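*Asks:* structure for this input, please:
(4 chains)
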There are 2 protein chains.
Amino acid sequence: MHEIKLQHILTIVELLSKGARHNFVEVTTTELGKHIDRSQQAASKHLLDLENSGYIERMKKGQKFGVRVTDKGYSEIQSLFSSLRSALELAPALIEFEGRVVSGMGEGAYYMSLEGYRKQFKEKLGYEPYPGTLNIRLTNQIFMNARRELGKHPSIFLEGFSDGTRTYGWVKCFPAVINDGAVDNAAVLVLERTHYDDNMLEVIAPMSIKHEADIKNGDRVKVQVQLGQIP
Amino acid sequence: MHEIKLQHILTIVELLSKGARHNFVEVTTTELGKHIDRSQQAASKHLLDLENSGYIERMKKGQKFGVRVTDKGYSEIQSLFSSLRSALELAPALIEFEGRVVSGMGEGAYYMSLEGYRKQFKEKLGYEPYPGTLNIRLTNQIFMNARRELGKHPSIFLEGFSDGTRTYGWVKCFPAVINDGAVDNAAVLVLERTHYDDNMLEVIAPMSIKHEADIKNGDRVKVQVQLGQIP
DNA sequence: ATTACTAGCTTCCGAGTAC
DNA sequence: TGTACTCGGAAGCTAGTAA
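*Replies:* You can find the predicted model right below:
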């Protein structure tokens, strides 16, 4: 895969940023060492190794050297660059949860039916949720941790409001898919004032999820939250 | 600059491409070692080190581990990515030459005045060259090497032609700047059939370069060839 | 000034193996 | 199966120094 030794990466990068792609640039080993945070001797060794491997070329220029990165050296860095890019970009923006359906306490359904939320659902999600949230108890510590950090990610944000008597907190919605597509327009809710623990996941959809996905209380269920779809 | 150890880069990249940015993914040290071309023990050590440094988080998941890259780990990779990008992109596409002006042999000027070339100059460079090329003898081995490889780069290409009697070879033109801008619309020529050595540089411009830049035979002169401006 | 050799130290890795 | 310990060797680094 990567022929080049990792230790040499910073050295080539430093040379490239000095313009050594097309020109022989004057670089002293002392100066180079300082930039890559190594000793002068290490820098010298790097240049020797890189030269022997055909990644750079050097020309005596008085006492110093002129150094240039070869095509071979350049393409090695490009290759590494591509690896990094795909690792960073392809990181699927998708958080998976697994758990068991538990009977809803009716509470979520009540809040979601309030006019102050319903009109925001309609406006921002494009539908009014089926009256009744799906409650999922997460089974693994891993998922509980992920649940706890869900709120950090960009979300569809419903403002809190007041009905004169009391105030209601904000709600963050995360588009989600149930059981690999059995329901594909659900949303996981994160409430400002949650009434559950971190091991509970509350999910809504335009239709009854239990009916659509044919699941009942106690069944295992998979929820995939889609990140990166919110502008 | 980069806190992360270079040896750990491939490990994190591998984890990220498995989706470990947002989820705890199951990875065995054996499998991981195989991907980063190290032993199982090395992979295990990497994970331990990365965990202790706060670049990844792990959760026991049965016998295996669930591994996730933390924000800290992610931003380290992003930082390295940025370094690579600027090294690759900012690599100034500019080749510098230095040499001394020598008296032209008149030959270049003759060829450049031929109708077959002149109309191509007008069309592709936007001007007809001043009758008389500037001839520069390169002073340093470094520049001679660069001169030799100049022809490999993308250029403004003038086709060869025949006048019935004899044929004339192609000419590659490279936009160039003389003495830091004294003349900024010159062009270095690389001829198919060069009449000079690799240590000679032939330059044209719409006006007399000697007059514009106030130089005479024997003077030192700097020529900067601009690459990457040719589509 | 430079570059780069040598010696010695530290880090990293792989094999064997415990759990 | 897994992970990760110890240990011996290889690789990488630094300091000193030669040229």
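
*Asks:* what sits against residue A:40?
*Replies:* A:29, A:30, A:33 (C-beta atoms under 8 Å, 6 or more residues apart in numbering or on different chains). Quick note: C-beta positions are derived from backbone N, CA and C, even for glycine.

*Asks:* now do the buried residues in stretch A:31-49.
*Replies:* A:32, A:33, A:35, A:36, A:38, A:42, A:43, A:44, A:45, A:46, A:47, A:49 (16 or more other C-beta atoms under 10 Å in any protein chain shown).

*Asks:* ugh, wrong one, I meant stretch A:202-214
*Replies:* Of the residues in stretch A:202-214, A:202, A:203, A:204, A:205, A:206, A:209, A:210, A:212, A:213 count as buried by neighbour count, 16+ other C-beta under 10 Å.

*Asks:* measure that stretch end to end?
*Replies:* 17 Å (C-alpha to C-alpha, to the nearest Å).

*Asks:* continuing past the lowest-mean-pLDDT helix or strand in chain A, what's the next helix or strand?
*Replies:* Scoring the helices and strands of chain A by mean pLDDT, DSSP states H and E places helix A:107-112 at the bottom, with a mean of 76. Toward the C-terminal end, the helix or strand that comes next after helix A:107-112 (DSSP states H and E) is helix A:115-124.

*Asks:* can you give the strand pairings for the very next helix or strand once past that following helix, parallel or anti for each?
*Replies:* Following helix A:115-124 in sequence order, the next helix or strand is strand A:134-138 (DSSP H and E). With DSSP bridges as the test, strand A:134-138 is paired with strand A:94-102 (antiparallel), strand A:200-204 (antiparallel).

*Asks:* tell me the helix or strand right after strand A:134-138.
*Replies:* With elements assigned by DSSP H and E, the helix or strand that comes after strand A:134-138 is helix A:141-149.

*Asks:* for that following helix, the distance to its chain's centre please.
*Replies:* Averaging C-alpha positions (C-alpha atoms, centre = their mean, to the nearest Å) puts helix A:141-149 15 Å from its chain's average.

*Asks:* same deal with stretch A:177-196?
*Replies:* Mean-position distance between stretch A:177-196 and its chain equals 19 Å (C-alpha atoms, centre = their mean).

*Asks:* low pLDDT regions in chain A?
*Replies:* A:1, A:90-92, A:104-107, A:195-196, A:229-231 (pLDDT under 70).

*Asks:* can you give me the helices for it?
*Replies:* Taking DSSP state H as the test, the helices found in chain A are A:9-17, A:29-35, A:40-52, A:71-89, A:107-112, A:115-124, A:141-149, A:209-212.

*Asks:* elements contacting the second one?
*Replies:* The one in question is helix A:29-35. helix A:9-17, helix A:40-52 (3 or more C-beta pairs under 8 Å, 6 or more residues apart in numbering or on different chains; DSSP states H and E).

*Asks:* the residue nearest the centre of chain A and residue B:88, how far apart?
*Replies:* Compute the mean C-alpha point of chain A, and by C-alpha atoms, centre = their mean the closest residue is residue A:93, 5.3 Å away. For residue A:93, the distance to residue B:88 equals 26 Å [C-beta to C-beta, to the nearest Å].

*Asks:* doesn't residue A:95 make contact with residue A:201?
*Replies:* No: between residue A:201 and residue A:95 there is no contact under C-beta atoms under 8 Å: 10.8 Å.

*Asks:* between these two, which is the more surrounded one?
*Replies:* Each of residue A:201 and residue A:95 has its neighbours counted (other C-beta atoms under 10 Å in any protein chain shown); residue A:201 has more, 27 against 24.

*Asks:* dump the residue contacts of that one.
*Replies:* So residue A:201 contacts A:97, A:99, A:135, A:136, A:137, A:138, A:147, A:188, A:223 (C-beta under 8 Å, 6+ apart).
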